[in-house]
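Student: Quick one, fold the following:
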Amino acid sequence: MKKLHLLFGVAALSLACEAMSSPPTQQSPKSGGDGSIGLANQNAYSLPQANLPMTKRLDFSVGNSFFRNPWVVAPASTDARDGLGPLFNTNSCQGCHIKDGRGNPPGETLSSVSLFLRLAIPPRGEKDRELLERHGFVPEPVYGSQLQTAAIPGSKAEAELVVEWERFEEELADGSLVAMRRPIYRIENPNYGPLANDVQISPRVAPPMIGLGLLAAIPEQDLLTNADPDDSDGNGISGRTNKVWDRASEQTVLGRFGWKAGEPNIMQQSMGAFAGDMGITSALAPFTDCTQSQGCERFPHGGEFEVSDEVANFVAFYASSLAVPIRRDMDKSEVKAGAAAFNEAGCAACHTPRHVTGVVADRPDLSLQEIWPYTDLLLHDMGPGLADGRGEFLADGNEWRTPPLWGLGLATTVNPAAGYLHDGRAETLEQAILWHDGEARPAADAYRELDATKRNAMLQFLNSL
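Tutor: Here you go, the predicted structure:
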């Protein structure tokens, strides 16, 4: 057995070293390794890993039921799924992660349910040190860390989220005009008093759920090796890791999930969403975002805790087992030309194409997989245009974690209203590219300089992922 583990270790090390060559060209359509699936319709993000053992498929289905079905107000006959609120944003995980995919910002006929506002205030001296260490920010004193726009009967929603869109055009080098939009956020009709004058707001739209278990399986050392916080190689890219609080182990660890890499693992990310988005407690997140002045304790709860450890494990298993769709149209000449343009523009410096997962105990489907997520999972300064001004642990107000690109071409197939970037402001992939600034400005400028044929080729490449 020791010899077998040694062989796996040597194989993993060899593949990992090979994966560090930059930028590798994807040869296999299996972006998610052996677990990749060949579906390209509205359900493309909702299948289990193709190599998930049959003995684990029931666990996946049970987790799916708690992820998909609505939670209800307590007390209820469905006591395994009660305890919603009193303050919340949505009543199910699928309410934001539509068909396990991206959410969308509100529009003229769309609600804001899959976009919410994170809240914070600047630290106010020594008393906020523990909050910064444990939460990564200081919550707004009355409204907490997230604006809840819904409430159960007898309670009042915190406020209304209003988004207005400022339309403008951007001119490219060849004179082409690209329609763009900029969101303007307002919090109206607060029901629990005024917000702090120095409140910081960060809009977040739900990201896709695919491949999370594979991202969790990328060895930490690989991420640290790719980090270059001081830009020692002089290429203008200074990706760095976030260091966050792990509630289970009660220590600071590397962050890799969330828009600012503010969560260390899938379980904590999931239970944090239950508490913040739905007002549902668990052993890992025993308190919701309701503050003392809002009086939520007067309402019945769904048990201590509302998400049992068993249910939490099912949900985390589900979230770690959603398969990545295979790539399409890889052999088309336009797609190959677009891949070359992507690399030449420098996009792969942050959107690292290839990784190799380590060995995950009891998860052979996630172990030693060659994957193509197109992310380094590191923080990068994206410039003032995308800045939210709100820090999260080591991430500052200009920094965002590089989002994976796998499955990108199916985003609007899964959710026709899906938006791109952290707040969904980009309606198209071209808009998303043009919003890149800061460290990514040279890559965006390279796109601006391309002729129409090469721009179209790059977009075709992105849509093939």
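
Student: mind listing what's buried in stretch 44-62?
Tutor: Neighbour-count burial for stretch 44-62 flags 44-52, 56, 59-60, 62 (criterion: 16 or more other C-beta atoms under 10 Å). The C-beta positions use only the backbone N, C-alpha and C, and glycine is treated the same way.

Student: Report how many residues lie close to E297.
Tutor: Using other C-beta atoms under 10 Å, the number of residues around E297 comes to 9.

Student: meant to ask about E449, not that
Tutor: Residues near E449, counting by other C-beta under 10 Å: 12.

Student: Which residues are in contact with the spatially closest residue to it that is not a sequence neighbour?
Tutor: Of all residues not flanking E449 in the chain, A173 sits nearest, at 4.7 Å (C-beta to C-beta, 6 or more residues apart in numbering). By C-beta atoms under 8 Å, 6 or more residues apart in numbering, the contact list for A173 reads 448-450.

Student: List just the nearest of those to R327.
Tutor: L450 (22.1 Å; C-beta to C-beta).

Student: can you map out the helices along this structure?
Tutor: 2-19, 57-68, 129-135, 212-216, 220-226, 266-278, 309-319, 333-344, 411-414, 429-435, 441-449, 452-464 (DSSP state H).

Student: any chance of those in TSV, with mean pLDDT too?
Tutor: Below are those laid out as TSV (pLDDT from 0 to 100):
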stretch	mean pLDDT
helix 2-19	40
helix 57-68	98
helix 129-135	90
helix 212-216	98
helix 220-226	97
helix 266-278	98
helix 309-319	98
helix 333-344	98
helix 411-414	98
helix 429-435	98
helix 441-449	98
helix 452-464	98
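
Student: Take the ones you listed and write them to JSON lines, including distance to Q26.
Tutor: Listed next are the helices of the chain as JSON lines, based on distance: least, C-beta to C-beta, whole Å:
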{"stretch": "helix 2-19", "distance to Q26": "12"}
{"stretch": "helix 57-68", "distance to Q26": "27"}
{"stretch": "helix 129-135", "distance to Q26": "38"}
{"stretch": "helix 212-216", "distance to Q26": "15"}
{"stretch": "helix 220-226", "distance to Q26": "18"}
{"stretch": "helix 266-278", "distance to Q26": "25"}
{"stretch": "helix 309-319", "distance to Q26": "25"}
{"stretch": "helix 333-344", "distance to Q26": "8"}
{"stretch": "helix 411-414", "distance to Q26": "19"}
{"stretch": "helix 429-435", "distance to Q26": "18"}
{"stretch": "helix 441-449", "distance to Q26": "18"}
{"stretch": "helix 452-464", "distance to Q26": "10"}
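
Student: Burial check on P300, number of neighbours?
Tutor: Neighbour number of P300 under other C-beta under 10 Å is 13.

Student: With adjacent residues omitted, what lies nearest to it?
Tutor: A74 (4.8 Å).

Student: tell me the contacts of H422?
Tutor: Going by C-beta under 8 Å, 6+ apart, H422 touches 203-205, 259, 386, 388, 400.

Student: let's see 6 Å
Tutor: Going by C-beta atoms under 6 Å, 6 or more residues apart in numbering, H422 touches W259.

Student: For A337, see how far away it is.
Tutor: Distance, H422 to A337, using C-beta to C-beta, to the nearest Å: 29 Å.

Student: tell me which of the contacts of A173 is nearest to I433?
Tutor: Checking the contacts of A173 one by one against I433 (C-beta to C-beta), the nearest turns out to be R448, at 8.8 Å.

Student: these two touch, right, that closest one and D174?
Tutor: No - using C-beta atoms under 6 Å, R448 makes no contact with D174, being 9.1 Å away.

Student: So which of these two has more stuff around it?
Tutor: R448 (18 against 11).

Student: number of nearby residues for the closest residue in space to that one that isn't next to it in sequence?
Tutor: Distances taken as C-beta to C-beta, 6+ apart put L172 closest to R448, at 5.0 Å, once the chain neighbours are dropped. Neighbouring residues of L172 were enumerated by other C-beta under 10 Å; the total is 17.

Student: can you list the weak-confidence ranges in the stretch 101-250 of the chain?
Tutor: Applying pLDDT under 70 to the stretch 101-250 of the chain picks out residues 108-112.

Student: which ones are touching the residue nearest to P300?
Tutor: 82-83, 300-302.

Student: May I see the PyMOL selection of the buried members of the residues you listed?
Tutor: To isolate the buried subset of those in PyMOL, counting by 16+ other C-beta under 10 Å, use the following:
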select buried, resi 82+83+301+302
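
Student: among the helices of the chain, which is nearest V359?
Tutor: Comparison of those against V359 by C-beta to C-beta identifies helix 2-19 as nearest, at 6.0 Å.

Student: any idea how far E344 is from E164?
Tutor: In terms of C-beta to C-beta, E164 sits 38 Å off from E344.

Student: V113 too?
Tutor: The gap separating V113 from E344 is 40 Å, by C-beta to C-beta.

Student: Which residue of the two possesses the greater neighbour count?
Tutor: V113 (20 against 15).

Student: shouldn't that one be in contact with T90?
Tutor: Yes - contact between V113 and T90 holds when scored by C-beta under 6 Å: they sit 5.2 Å apart.

Student: Can you give me the neighbour number for the nearest residue to L224 once chain neighbours are set aside?
Tutor: Closest residue to L224 apart from its sequence neighbours, by C-beta to C-beta, 6+ apart: T241 at 6.5 Å. By other C-beta under 10 Å, 23 other residues sit near T241.

Student: got the phi/psi numbers for T241?
Tutor: When read as degrees, to the nearest 10, the backbone of T241 gives phi -80, psi 150.

Student: my guess is it contacts A227, does it?
Tutor: Yes - look at T241 against A227 with C-beta under 6 Å: they come within range, at 5.3 Å.

Student: Give the full set of residues in contact with V335.
Tutor: 329, 460-461, 464.

Student: what's the answer for I210, then?
Tutor: Residues near I210 by C-beta under 6 Å, 6+ apart: 45, 322, 324, 407.

Student: so the third one touches L405, yeah?
Tutor: No - with contact defined as C-beta under 6 Å, V324 does not count as touching L405 (10.8 Å).

Student: quick revisit: now the two most distant members of the contacts of I210.
Tutor: Most distant of the contacts of I210, by C-beta to C-beta, are L322 and G407, 9.9 Å apart.

Student: D365 reaches N51, doesn't it?
Tutor: Yes - counting by C-beta under 6 Å, D365 does reach N51; the two are 4.5 Å apart.
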